[in-house]
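Q: Return a 3D structure for these sequence lines:
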Amino acid sequence: MFTLGIPVLGMMLLIGKQVDSNIKRSAVYEYIKGQTERIGLFANVMHELQKESAYSGGFLIGRPVTPMKLKVQFVRTDVSIAALQDPTRKTTYSAEEFGAFTSLPILRERVLEKLTDISTVCRAYRTLDQTMLDELGRVQKLQLDPETKDRMYAHVGLLNAKEALSVVRDQLSIALNSPAVYAETMALLGEQVSVYETNMLLFERDAPPEVMATYKSVFQGADVNFMRSVIGTVKERRTLDRTNIASTEWWELSLRALDKLKEVEDHSLALIVQNTVANSRNARLRLIIVLIALFGVVGAVTVMGYVVLRGVSSTVNEVNQAARSLSLGEVGTDVPVNSADEIGQMAESFNSMIDNIRSLASSAESIGKGNYETSVLVRGPNDVLGNALTRMKENLKAARLRDNEQALALNQEKKKIEEANVRIQMLIKEMHHRVKNNFQVIASLLRMQAATLANEELQEAFAQSQSRITSMALIHEKLYQGDELATVDVGNYIHELFAELVRFNDVDESISYSTDLDKELAFDLTTMVPLGLLMNELISNSFKHAFKGSTEGLISLSIHHASERNYDMVYTDNGTGIPQEKLNASPETLGVSLINSLVEQLNGRMAVQGDENGTTYHIRFATRPSGH
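A: Next up is the predicted model:
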């Protein structure tokens, strides 16, 4: 009974663990449902704040928004905030936790009395929305169910895209009505357009098919096409022709486009809640099934144990002592035969089995010591153990011969591979060394040719080409000098490139640089060549233009991993800066064209900002997958 009880107890513990797991799973789904409802409340507040921002801005710039209509929107916003702070909900938030709402009545009063401007109003509402987004991001991280988390990632991406689109709408309204802040507004527009497109890509990547179907059917029409056209113009040209866009038309159509995104958002959240409820229901159903299985198994095992024990109890008592000795490995003890009945026959069979085990154990011990000539006693064609031990002896003997042969062959192949590897490494190092020497020869030829020219512009062009070739030569130098023949350490490369450009451009050593790079950052040749040329152009431009006539300056360069194969590079100098009109102008010089071309080679995109405090380049680029 005790022997049967052990597996029964183990099975009960296993099923009990399943019961506990299902109970916890049900609790998790209830928790996720509450978190989903909380995110819905946040989204409603954000949507009403976005509409209130649009109506307030429209009221200030003369759109068809009456004070009564504005007050109705105030009430709708207050209702959504009250729902978020409803003390009867488990997911409530107190007013103290969102202190940003306390300034909302004052802001509304100033709007109604027209004591503020549209830029201030839009900035205030954007701050409120950002507060909600920050809290929403914290709530999203509390999700525990992988499937729900994937759906929630897509939903939060849609909320972030909608917020960015709301900011684009407000800023375009400002740009169309306030020429004085046009430059500042367009800079923020470019940033928000990037945020909108990035989050829409994340949403389209993670959204389930049913949500994408709703998005494609709802988010379309003349208003959406108009909005996309305007956004595309801002993205491509970094400017806006105010004569081609009616501010009233933009304001009305963008409002309808945001309402359509809200419809997609509501459908996404409803599907998340529906999925969570279905999972919770399935968890409870599995719990019931597991409980039924538990009782069924216990009952079946109990009945089976009773039947089996009743049939074998007498036989077990007779051979118990002999079997106990055999279980301890004692093969020298025989079972006494006291009768000729079934018990006696069982004892004789038991003794014969022990004799056979003694013989096989002796043979196995000799074979285990490597004596493969040991004879094995086989008592007939049905002697499974004897035949198996004989085959094992022959197989071990043959295996030893094969192992000796294979070990010899493997050692020979290993030696050949090691010798080939050494030759390949030497050839690769020699290749990079010769490429570097060839680059240096080309650079020397350019320098010698430049020395024969009287035209300063030609001399400058030759000097720039020499600098670019030197930056590529430095990459190959790093490849053959380093332990890794396929990648270049970015930190060491930047250090030597900066020193080389300081010497080449005859720049005062008081102009320094600082770097902030990911640990052990290295790229292959495909990425490093355009990246090295890009850094060469940026540093050279700073030396020639930003620090012209200066005795001191600072260049800052950071490269950080952004996603799977994407990296963010931020290059900043504190020089004289690039004037706004040059930032908006089409590229005319080789340097600017080369920078744009190199960014394209890196599969990247670039944003440039400049003022009297210096110039900043923000470049996101992508490395190629392995094997490309």
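Q: I'd like the next helix or strand past the helix or strand that residue 285 is a member of.
A: For residue 285, the host element (DSSP states H and E) is helix 247-327. Once helix 247-327 ends, the next helix or strand along the chain (criterion: DSSP H and E) is helix 342-368.
Q: okay, now residue 352: neighbour count?
A: Residue 352 is flanked by 11 other residues according to other CB atoms under 10 Å. (Glycine included, C-beta is placed from N, CA and C.)
Q: do the same with residue 398
A: Counted with other CB under 10 Å, residue 398 comes out at 11.
Q: That one and residue 75, how far apart?
A: 91 Å (CB to CB, to the nearest Å).
Q: How is this structure divided into domains?
A: As given by automatic domain parsing, the domain ranges for the chain are 2-285, 427-622.
Q: mind putting these in CSV, distance to residue 381 and mean pLDDT included?
A: Converted to CSV, the domains of the chain look like this (distance: least, CB to CB, whole Å; pLDDT from 0 to 100):
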stretch, distance to residue 381, mean pLDDT
domain 2-285, 35, 76
domain 427-622, 62, 80
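Q: Would you map the helices across the stretch 351-500 of the chain?
A: Secondary structure of the stretch 351-500 of the chain (DSSP state H, counting those that start in this stretch): helices at 384-451, 456-481, 490-505.
Q: For residue 126, which of the ones you listed is the nearest?
A: With CB to CB as the criterion, residue 126 lies closest to helix 490-505 of these, at 36.4 Å.
Q: Can you name the element that comes right after that closest one?
A: strand 511-517.
Q: Quick check: which of the domains of the chain is nearest to residue 410?
A: Proximity to residue 410 (CB to CB) singles out domain 427-622 among the domains of the chain, at 25.4 Å.
Q: any chance of the helices of the stretch 351-500 of the chain in TSV, plus distance to residue 281?
A: Below are these laid out as TSV (distance: least, CB to CB, whole Å):
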stretch	distance to residue 281
helix 384-451	54
helix 456-481	60
helix 490-505	53
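Q: count of neighbours near residue 549?
A: Using other CB under 10 Å, the number of residues around residue 549 comes to 5.
Q: Spatially nearest residue to residue 256 (excluding sequence neighbours)?
A: residue 223 (4.4 Å; CB to CB, 6 or more residues apart in numbering).
Q: residue contacts, the one you found?
A: 253, 254, 256, 257, 260 (CB atoms under 8 Å, 6 or more residues apart in numbering).
Q: could I get the strand or helix carrying it in PDB with only the CA atoms?
A: In the assignment (DSSP H and E), residue 223 maps to helix 222-237. Taking Å, rounded to 0.1, in the frame of the first residue of the first chain, the C-alpha atoms of helix 222-237 are listed here in PDB:
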ATOM      1  CA  ALA A 222     -10.600  63.000 -47.700                       C
ATOM      2  CA  ASP A 223      -9.800  64.400 -44.200                       C
ATOM      3  CA  VAL A 224      -7.100  61.700 -43.500                       C
ATOM      4  CA  ASN A 225      -5.600  62.100 -47.000                       C
ATOM      5  CA  PHE A 226      -5.400  65.800 -46.500                       C
ATOM      6  CA  MET A 227      -3.700  65.400 -43.100                       C
ATOM      7  CA  ARG A 228      -1.200  62.900 -44.500                       C
ATOM      8  CA  SER A 229      -0.400  65.200 -47.400                       C
ATOM      9  CA  VAL A 230       0.400  68.100 -45.100                       C
ATOM     10  CA  ILE A 231       2.500  65.900 -42.800                       C
ATOM     11  CA  GLY A 232       4.400  64.500 -45.800                       C
ATOM     12  CA  THR A 233       5.100  68.000 -47.000                       C
ATOM     13  CA  VAL A 234       6.500  69.000 -43.500                       C
ATOM     14  CA  LYS A 235       8.600  65.800 -43.400                       C
ATOM     15  CA  GLU A 236      10.100  66.200 -46.800                       C
ATOM     16  CA  ARG A 237      10.600  69.900 -47.100                       C
END
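Q: how about it: buried residues?
A: By neighbour count on 16 or more other CB atoms under 10 Å, the buried set for helix 222-237 is 223, 224, 226, 227, 230, 231, 234.
Q: and what of stretch 52-65?
A: Buried residues in stretch 52-65, counting neighbours by 16+ other CB under 10 Å, are found at 52, 53, 54, 55, 56, 57, 58, 59, 60, 61, 63, 65.
Q: okay, now residue 108: neighbour count?
A: Neighbour tally, residue 108, other CB under 10 Å: 19.
Q: Can you tell me the closest non-neighbouring residue to it?
A: Leaving aside its chain neighbours, residue 108 sits nearest to residue 74 (5.8 Å; criterion: CB to CB, 6+ apart).
Q: So which bits of the host helix or strand of the one you found are buried?
A: According to DSSP H and E, residue 74 maps onto helix 67-84. Buried residues in helix 67-84, counted by 16+ other CB under 10 Å: 70, 73, 74, 77, 78, 80, 81, 84.
Q: Run the chain-centre distance for the helix or strand that comes right after it.
A: Next in sequence after helix 67-84, counting helices and strands by DSSP H and E, comes helix 104-112. On the basis of CA atoms, centre = their mean, to the nearest Å, helix 104-112 sits 42 Å off its chain's mean C-alpha point.
Q: which residues touch stretch 127-137?
A: Residues from elsewhere that reach stretch 127-137 (CB under 8 Å, 6+ apart): 39, 42-43, 45-46, 49-50, 53, 98, 100-101, 104, 156, 159-160, 163, 166.
Q: Just the ones of these in helices?
A: 39, 42-43, 45-46, 49-50, 53, 104, 156, 159-160, 163, 166 (DSSP state H).
Q: farthest-separated two in those?
A: Between any two of the ones in helices among the contacts of stretch 127-137, the greatest separation by CB to CB is 23.9 Å, found for 104 and 156.
Q: neighbour-wise, which of those two wins?
A: Between residue 104 and residue 156, residue 156 has the larger neighbour count (other CB under 10 Å), namely 23 against 18.
Q: Which helix or strand contains residue 554?
A: Element membership for residue 554 (DSSP H and E) is strand 553-561.
Q: Alpha carbons of that strand, in CSV - could you do that?
A: Extracted in CSV, the C-alpha atoms of strand 553-561 (Å, rounded to 0.1, in the frame of the first residue of the first chain):
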residue,chain,number,x,y,z
GLY,A,553,35.8,74.7,-28.6
LEU,A,554,34.2,71.4,-27.8
ILE,A,555,32.8,68.6,-30.0
SER,A,556,30.5,66.0,-28.4
LEU,A,557,29.7,62.7,-30.1
SER,A,558,27.4,60.0,-28.8
ILE,A,559,26.3,56.6,-30.4
HIS,A,560,23.8,54.4,-28.6
HIS,A,561,21.9,51.3,-29.6
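Q: buried set for it?
A: 553, 554, 555, 556, 557, 559.
Q: Show me what it is packed against.
A: helix 490-505, strand 511-517, strand 566-573 (3 or more CB pairs under 8 Å, 6 or more residues apart in numbering; DSSP states H and E).
Q: for these, which one sits closest to residue 449?
A: Across the helices and strands packed on strand 553-561, closest to residue 449 is helix 490-505 (CB to CB), at 16.3 Å.
Q: So what's the gap between the closest one and the chain middle?
A: 33 Å.
Q: Put the alpha carbons of that helix into CSV.
A: Output in CSV follows, covering the C-alpha atoms of helix 490-505 (Å, rounded to 0.1, in the frame of the first residue of the first chain):
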residue,chain,number,x,y,z
VAL,A,490,34.5,52.8,-32.8
GLY,A,491,36.0,54.5,-29.7
ASN,A,492,39.6,53.9,-30.8
TYR,A,493,38.8,54.9,-34.3
ILE,A,494,37.2,58.3,-33.2
HIS,A,495,40.2,59.0,-31.0
GLU,A,496,42.7,58.6,-33.8
LEU,A,497,40.5,60.2,-36.4
PHE,A,498,40.1,63.3,-34.3
ALA,A,499,43.9,63.5,-33.7
GLU,A,500,44.5,63.1,-37.4
LEU,A,501,42.0,65.8,-38.4
VAL,A,502,43.5,68.2,-35.7
ARG,A,503,46.9,67.7,-37.3
PHE,A,504,45.6,67.8,-40.9
ASN,A,505,43.5,71.0,-40.4
